[in-house]
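Novice: Task: produce atomic coordinates for the following.
(4 chains)
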2 protein chains.
Amino acid sequence: MPETVRSAAARTTGTRYGNRPTMKDVAARAGVGLKTVSRVVNGEPGVSPDTERRVQESITALGFRRNDSARILRKGRTASIGLVLEDLADPFYAPLSRAVEEVARAHGALLINGSSAEDPGREQELVLALCARRVDGLVIVPASDDHRYLEPEIAAGVATVFVDRPPGRIEADQVLVDSFAGARDGVAHLIAHGHRRIGFIGDLPRIHTAHERIRGYEAAMAGARLPVHESWLAPGATDPARVRADAERMLDGPEPVTAVFAGNNRVTVTLVRVLAERRRPVALVGFDDFELADMLSPPVTVVAQDPAQLGRTAADLLFRRLEGAHDPPRLTTHPTRLIARGSGELPPHS
Amino acid sequence: MPETVRSAAARTTGTRYGNRPTMKDVAARAGVGLKTVSRVVNGEPGVSPDTERRVQESITALGFRRNDSARILRKGRTASIGLVLEDLADPFYAPLSRAVEEVARAHGALLINGSSAEDPGREQELVLALCARRVDGLVIVPASDDHRYLEPEIAAGVATVFVDRPPGRIEADQVLVDSFAGARDGVAHLIAHGHRRIGFIGDLPRIHTAHERIRGYEAAMAGARLPVHESWLAPGATDPARVRADAERMLDGPEPVTAVFAGNNRVTVTLVRVLAERRRPVALVGFDDFELADMLSPPVTVVAQDPAQLGRTAADLLFRRLEGAHDPPRLTTHPTRLIARGSGELPPHS
DNA sequence: GACAGTCTGGACAACGTTGTCAAAACAGGT
DNA sequence: ACCTGTTTTGACAACGTTGTCCAGACTGTC
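Specialist: Predicted coordinates for the structure are as follows:
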């Protein structure tokens, strides 16, 4: 029996797949040819009902499960796509990821994903690992600003869509949010409510969205002919300690701000805590909506975007490419929506 | 998926994967043997510096990337693990997922994940798809209560760890939270603050954690010799509309409750909204901590668990199994922690 | 210069599946 | 019985990699 030979070999050499029955084993037991088993497993036509029954019986008896590694190797397509983003657990990216998963599922594909932790090296490592797995396509929220390393992959036919941030130094599909307009409108909203000294706390400008939001802030200030004191602009790390320090510096400095614009949901959440401790009310508008924003006191005014929508758009585009859409790379921009809830309408405390 | 998916480039040249160079191509260009390329790619010893350089040059010139499908087929190990849970975007599961990813990464493995949407059929479909891919191991938050379909897979050597809920009808490793004690203590906390009529809103008891939490609620009530009116117990769907209706029924019924215990974070969030609309304050304790719970008014008292810790424990155990730990299936139970913040310490209103 | 011992390098056979193609089995019509 | 056309079936060669194993090409030693 080949069965015993294989198990012995497996045990000594260090088990490949435990030792699983293959189509050959199924075929032997059913007394048919290998290809016939393949036909049954894949529901291909041209198998008599009687043979099919014998094969099925053999399959369940042996607990056979097709080895997709071999199938993938042979067929050249994996029916899986990769998703690389900053942090799977971030409340902004989690729905995006889920949306991509849903679309993939609708196309019969599995999703492999990884978090880059905003580290360009890790992004590249992940992306290339996915390419080595021969994923059919990639959805990337880039951490790097140079994606030339992807050129051979794209040339080889890996469909690639960038979301939330544009690719660096290559042409590719991108699905973005109008961060510039969103930030500009959010800051203009504060100005419209009487604020003249407004702070901005957000990510480093090397991140595209952060850069755009800073530009939006500056455009709104400039549009109202308001000066920007250097201490009001705090682009940097967005860990709570740093955000807190930045906020306190601009609130207690020589030119104290009466309002703050937060560059992303992490910053907003930290600022909610910091501002709640202050005696005087400070106005706040945050980029990104977040759960329970409306239940805080005051409820938080936000520039909202729809991460699930972003993910859906990107994944839809990806699968259109996989189905052979050949038009040049496309840029899709989603608008933001200002949701006034209270914190952004507080008057300046003078 | 049909043939059309393959890119036009692939179709015209007749090769798969776009048309990518293989080790053979690299070898030909470098004027060496196939196996020598393999050695260079895998950093195996026994290649002279000069040959290595020639091969490297050839690799970058052709944009070669090893095809892991073939490698996997040959080696029998995929260096990837599967994670199946209810909803990747749920704030409870997102950190769990991220923690599993981190552990996988530390072991050089990729993570493939899918959401079961609490549908047993979908869970099985996903899990078996992962098995067909020959993932080395599985972390499962089960939706189904019968996992006998996994028996052949486990027998074949797929390491499997269940998290948050136990497996059904099979023996396997499990990492759980002490839901019973958590709920019992949470309800006891309300009783200690003077409440006698307390409602429970949570998931259907077919979900193990929900069942345990209901038991905990009943144990606390029984322990204080308090009767439970039938309208106070609302296990069912936990969509906002349903939760709202249940809450209003128990708040406005003949035996109105003065406090509510929420069975999970989704319910808690909905209840925060419902209770905020009431004239009289209603006490609230929720299972699961959530962001900004401390910033609401009143701040929300919760029975906290640590989803990231759960994920880490499960993934660590999985990799210990993959490294050959052969002891019998193990049950790990994590404790919960009551965090009193205000909403659970409100006195009864009459 | 012959000899053992080490380093390199390459031919070849797997791994488990699917595509191709031709043989075998069967049906229906004479 | 024969031929013709259709359906079922199985042998065999890929797919791109890695493990095994052997052949040359070098060392250093006598």
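Novice: For chain A, which element, helix or strand, carries the lowest mean pLDDT?
Specialist: helix A:2-13 (a mean of 33; mean pLDDT, DSSP states H and E).
Novice: Please pull up the helix or strand immediately following that helix.
Specialist: Using DSSP states H and E, the next helix or strand after helix A:2-13 towards the C-terminus is helix A:23-30.
Novice: by contact count, what packs against that following helix?
Specialist: Secondary-structure packing of helix A:23-30 (3 or more Cβ pairs under 8 Å, 6 or more residues apart in numbering or on different chains; DSSP states H and E): helix A:34-41, helix A:49-62. All C-beta spots, glycine's among them, are computed from the backbone N, C-alpha and C.
Novice: do it and DNA strand C meet at all?
Specialist: Yes. Legend: contact between helix A:23-30 and DNA strand C by Cβ under 7 Å from any atom of the strand is shown at A:23-24.
Novice: Kindly format the C-alpha coordinates of that helix as PDB.
Specialist: Listed next in PDB are the C-alpha coordinates belonging to helix A:23-30 (Å, rounded to 0.1, in the frame of the first residue of the first chain):
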ATOM      1  CA  MET A  23      -6.900  12.400  -6.200                       C
ATOM      2  CA  LYS A  24      -4.800   9.400  -7.000                       C
ATOM      3  CA  ASP A  25      -5.800   7.700  -3.700                       C
ATOM      4  CA  VAL A  26      -9.400   8.500  -4.400                       C
ATOM      5  CA  ALA A  27      -9.100   7.200  -7.900                       C
ATOM      6  CA  ALA A  28      -7.500   4.000  -6.700                       C
ATOM      7  CA  ARG A  29     -10.200   3.300  -4.200                       C
ATOM      8  CA  ALA A  30     -13.000   4.000  -6.600                       C
END
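Novice: Give the buried residues for that helix.
Specialist: Neighbour-count burial for helix A:23-30, counted by 16 or more other Cβ atoms under 10 Å in any protein chain shown, picks out A:23, A:25-30.
Novice: hang on, the earlier thing: how about the helices and strands packed on helix A:23-30, which one is nearest chain B?
Specialist: With Cβ to the nearest Cβ as the criterion, chain B lies closest to helix A:49-62 of these, at 8.4 Å.
Novice: In this structure A:Arg312 contacts A:Glu101, no?
Specialist: No. Using Cβ atoms under 8 Å, A:Arg312 is not in contact with A:Glu101; the gap is 10.5 Å.
Novice: and A:Ala181, that's in a helix?
Specialist: Yes. Counting by DSSP: H, G, I helix; E, B strand; the rest coil, A:Ala181 is part of a helix.
Novice: Tell me how far it lies from A:Ala219.
Specialist: A:Ala181 sits 9 Å away from A:Ala219, going by Cβ to Cβ, to the nearest Å.
Novice: Overlap in contacts, these two.
Specialist: Here A:Ala181 and A:Ala219 share no contacting residue, scored by Cβ atoms under 8 Å, 6 or more residues apart in numbering or on different chains.
Novice: for the helices and strands packed on helix A:23-30, which one ends up most surrounded?
Specialist: Most buried of the helices and strands packed on helix A:23-30 by mean neighbour count (mean count of other Cβ atoms under 10 Å in any protein chain shown) is helix A:34-41; its value is a mean of 18.
Novice: Touching that helix from outside, list them.
Specialist: A:23-24, A:26-27, A:30, A:44-47, A:51-52, A:55-56, A:58-59, A:66.
Novice: now swap in stretch A:314-333 and tell me
Specialist: A:81, A:99-100, A:102-104, A:107, A:136-139, A:159-163, A:166, A:171-178, A:313, B:4-5, B:7-8.
Novice: circling back to that earlier point, just curious, which of the contacts of helix A:34-41 is nearest to DNA strand C?
Specialist: Taking Cβ to the nearest atom of the strand as the measure, DNA strand C lies nearest A:Met23 of the contacts of helix A:34-41, at 3.4 Å.
Novice: ok, now which ones touch the closest one?
Specialist: A:Met23 sits in contact with A:34, A:37-38, A:41, A:64, A:66, where contact means Cβ under 8 Å, 6+ apart.
Novice: got the residue ranges for the helices in the stretch 151-300 of chain A?
Specialist: A:151-155, A:179-192, A:208-223, A:240-252, A:265-276 (DSSP state H, counting those that start in this stretch).
Novice: For the closest residue to DNA strand C within the stretch 151-300 of chain A, give its distance to B:Val285.
Specialist: Across the stretch 151-300 of chain A, the shortest distance to DNA strand C (Cβ to the nearest atom of the strand) belongs to A:Gly157, at 17.6 Å. From A:Gly157 across to B:Val285, the span is 55 Å (Cβ to Cβ).
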